[in-house]
Every structure is written in C-alpha cells, then in structure tokens.
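Novice: got a structure for you, letters missing:
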C-alpha cells in the first residue's frame, strides 16, 4: 500500500497552532501571551511569503504546461491552506479579545480613536503633530492612473473622505510608518494606563493630515499585502551564486502579491476600489479584524505589575573573560564554551569588536541567520 503523507504546509500550520496554544495558556504571564500572538502572526506572514508563494508558482506553472492533474492538486492544497488559516484567524481574534479583557482587569486599557474624550484627543493629536505627522506621505487613489504600489511588510490605512452635504468622495492610502513605535501609551486617572495602536492615533488625526483637501468625514480601514518573497535561484547559469542571490534579493521587494488581508468592516465601495487595484483570486483575500501586522505585539509596552511578564534569569558569568582586557588573550590560554541564553552574548560581541579594531585582522567571515532589526553584531562588524 502507498504511504499516506500529510502535506508539509498543512503540517506547518499545525505547528503554528501550537504557538497559539501558548497564547491560550492561562499559566503563561499575560504580556507573554500577547507576545505569542505576535510570534504566531510573524510566523504566518513568513509562511505566506515563502511556502504559499511557492505553491502558487507551482499552480501557475502546471496551468501553463497544461498539467491538469498537478494544477488541481496544487489548487486543492491552496484552498485547504486558506480554510485552515481562516479557522486560525477566528481563534486568534477570540484570543485577542480575551487578552484585552485581561489587560483591563490589570488597569491597562487598549483604546482606539472612538474612546477619546476631548482631553485625551488633544493629548493624542499633540503626539501626532510632534512625532508622527512628518513620517506620513499620503497618496490619493486616482482611477485614471495605475494603482499605487503597496510594499510587503507594511500596513496601510485605506481612507474614504467625504464632505457634509456633498456627494464628493475621495479615496486615499496612508502607510503606517515603521520608524515610529507601534504603540502610544499615556497615564490616566486612578492608576490607569491607556495604550493605542499608532494606526488609531492616525485615525484620530485625519483632519490634520488631509486639512488641505477640505474634507471633514473620514472612514479608514487597515489593509496589508503579502508578496512572493521566495528567492529565485534557478536563473542564468552564467552568473555565480552570489550575483544570483543579490539580484533575487532586489527582485524580492517587487514580488507578486499572494495575500491581501483587509478589515472586515471595510465598506463595499472602498473594498471595490482596493480589490480592483490589487487583482487577486478570491481565495487570496482574507477578511481580518481592525489591526494587521500583529507581529508588533512582541513589542507591546512592558507595563503593569511584574507578574505580567516572565522573570529574567540571572546571567551566568565567566570569571576569566569578565576580568580579562582581551578576549583573544584568554582564548590563547584555553577554549571557552558559551551556552546561550544562560550565559551572556556580550562575550561574542566583545570578540567581534576586538577583531574589527585589530590592525592584523584583514577580513572576518561569518554566517548570520535571522538578524535582529538593529543588530549589535552588524554594528560591531561595521
């Protein structure tokens, strides 16, 4: 009998389900549970950029080669992936709502622009003018021109603008800036802390952003595009692999869209404007909630009591390296085995900094995988 194999992409989604289980676990500290929601979201984004993008390529190729069997097989898998993702989305949304309620019990309130009284609105708009406004470059959607290019890994507000007592309507796009923290927090009465997504800070300030257009009614909905980011390494054999990778990395930013997530509250007119501009199959359109790019939940402010986060483990030091002026001199005497995360990574950074400023070092060869956004290793090497 032929062995029945479970498709690896569906298996991977089951793995990401287990990340959601950590967010579900009441024994995990509250802010850590939020962080697991962020990890789940980050994982899913990468899954669409690479795995779903690859299956989509296979389906397109099978159709072009008129391989009906393969085409049906790939399309069936893509539909199964979509159903599983929709199922996980519902679970995720329920969890997010439950965790928001738990935050409230700890006097932490996740609010949006509809919850602002006059005093809070003035505070939020002041923050917008000082720290956010100069980072925004809104685009007006013009049906006569090509639809604006939407970047992967960015989120956008699709804005519908109207005037009172007028049928005049305009549509715009505002990219949520990545150089501004995703969360804005401020203190309230009675020891309360209020937290707002930067998306909602912008929503509360639309009249400032678009004041030159004289509109006074704004509806805005978050959307996010995910692009094919799989590297194409089967290119021209005349180039060496380094050149092929360099070229592929540049092309990666222009990859074909594979998924559009949009706020399920988006009105029909705005939805048509967006989907006519971003042409995708119905199966690639995913109705979501108000917020996207929830990987940013990993950076949710550490507020409230200490029991809302894991206790930080004490770092185990290495006496010889702590006392030494030079890591290299110590290494000449004996080898050292570092066990992370129990021992400090600073020893590795010291080692790299010493090598970088040593005039005898001509070059440093190192393989780096999944760097942090503002990597200390890269700083040391630079």
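Specialist: In hand now; what should we look at? Because the structure is predicted, anything quoted here is derived from the model rather than measured.

Novice: residue 193 contacts residue 111, doesn't it?
Specialist: No: using Cβ atoms under 8 Å, residue 193 is not in contact with residue 111, being 10.4 Å away. Using the backbone N, CA and C atoms, a C-beta is placed for each residue, glycine as well.

Novice: which parts of the stretch 101-250 of the chain are strands?
Specialist: 108-110, 139-140, 155-162, 169-175, 183-187, 193-197, 217-227 (DSSP state E, counting those that start in this stretch).

Novice: report the strands that pair with the first one, each with its relative direction.
Specialist: It refers to strand 108-110. strand 193-197 (parallel) (DSSP bridges).

Novice: and the helices in the stretch 1-150 of the chain?
Specialist: Taking DSSP state H, counting those that start in this stretch to define them, one finds helices in the stretch 1-150 of the chain at 8-24, 30-47, 53-64, 68-105, 118-127.

Novice: show me what the third one is packed against.
Specialist: Okay, so that is helix 53-64. The contact analysis (3 or more Cβ pairs under 8 Å, 6 or more residues apart in numbering; DSSP states H and E) places helix 53-64 against helix 68-105.

Novice: helices and strands around the helix it packs on, which ones?
Specialist: Short answer (3+ Cβ pairs under 8 Å, 6+ apart): helix 68-105 packs on helix 8-24, helix 30-47, helix 53-64, strand 108-110, strand 285-288.

Novice: you'd agree residue 148 is up against residue 140?
Specialist: No: using Cβ under 8 Å, residue 148 is not in contact with residue 140, being 9.1 Å away.

Novice: overlap in contacts, residue 193 and residue 111.
Specialist: Both residue 193 and residue 111 lack any common contact, where contact means Cβ atoms under 8 Å, 6 or more residues apart in numbering.

Novice: list the buried residues for the helix or strand harbouring residue 379?
Specialist: Assigned by DSSP states H and E, residue 379 falls within helix 376-381. When burial is assessed from 16 or more other Cβ atoms under 10 Å, helix 376-381 yields the following buried residues: residue 380.

Novice: how far does that helix sit from its chain's centre?
Specialist: 23 Å (Cα atoms, centre = their mean, to the nearest Å).

Novice: same question for stretch 111-120.
Specialist: 26 Å.

Novice: now do the end-to-end distance for that stretch.
Specialist: 11 Å (Cα to Cα, to the nearest Å).

Novice: list the contacts of that stretch.
Specialist: 124, 186, 188, 194-197, 200-201, 203-204, 290.

Novice: among these, name the buried ones.
Specialist: 124, 194-197, 200-201, 203-204, 290.

Novice: how confident was the prediction at residue 280?
Specialist: Among the per-residue scores, residue 280 holds a pLDDT of 84.

Novice: sorry, back to before: reformat the strands of the stretch 101-250 of the chain as TSV; add distance to residue 209 and mean pLDDT.
Specialist: Converted to TSV, these look like this (distance: least, Cβ to Cβ, whole Å; pLDDT from 0 to 100):
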stretch	distance to residue 209	mean pLDDT
strand 108-110	23	96
strand 139-140	12	92
strand 155-162	9	94
strand 169-175	7	94
strand 183-187	16	95
strand 193-197	16	97
strand 217-227	9	92
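
Novice: mind checking which of these is nearest residue 243?
Specialist: strand 217-227 (22.3 Å; Cβ to Cβ).

Novice: and that closest one, what does it pack against?
Specialist: For strand 217-227, the packing partners by 3+ Cβ pairs under 8 Å, 6+ apart are strand 155-162, helix 198-203, helix 206-209, strand 257-263, helix 268-277.

Novice: pairing partners for that strand, with directions?
Specialist: strand 155-162 (antiparallel), strand 257-263 (antiparallel).

Novice: you'd agree residue 224 is up against residue 294?
Specialist: No: at 10.0 Å, residue 224 does not count as touching residue 294 under the criterion of Cβ under 8 Å.

Novice: return the residues in contact with residue 192.
Specialist: 107-109.

Novice: and those residues, which is closest to residue 21?
Specialist: So of these, ranked by how close each gets to residue 21 (Cβ to Cβ), first place is residue 108, at 23.4 Å.

Novice: re earlier: and the helix holding residue 379, what does it pack onto?
Specialist: helix 346-357.

Novice: packing partners of the helix it packs on?
Specialist: helix 327-333, helix 376-381.

Novice: ok so, going back, now for the contacts of stretch 111-120: which two are most distant?
Specialist: Longest span within the contacts of stretch 111-120, Cβ to Cβ: 188 and 290, 21.6 Å.

Novice: so where is the protein shaky, pLDDT-wise?
Specialist: 1-2, 230-241, 244-245, 247-254 (pLDDT under 70).

Novice: swap in 80 and give it another go.
Specialist: In the predicted model of the chain, residues 1-4, 64-66, 228-256, 283, 370, 373 satisfy pLDDT under 80.

Novice: what residue in it is the furthest from its centre?
Specialist: residue 333 (45.2 Å; Cα atoms, centre = their mean).

Novice: residues in contact with that one?
Specialist: So residue 333 contacts residue 320 (Cβ under 8 Å, 6+ apart).

Novice: flag every buried residue along stretch 89-98.
Specialist: Within stretch 89-98, judged by 16+ other Cβ under 10 Å, the buried ones are 89, 92, 95-96.

Novice: nope, stretch 259-268 is what I was after
Specialist: 259-263, 266.
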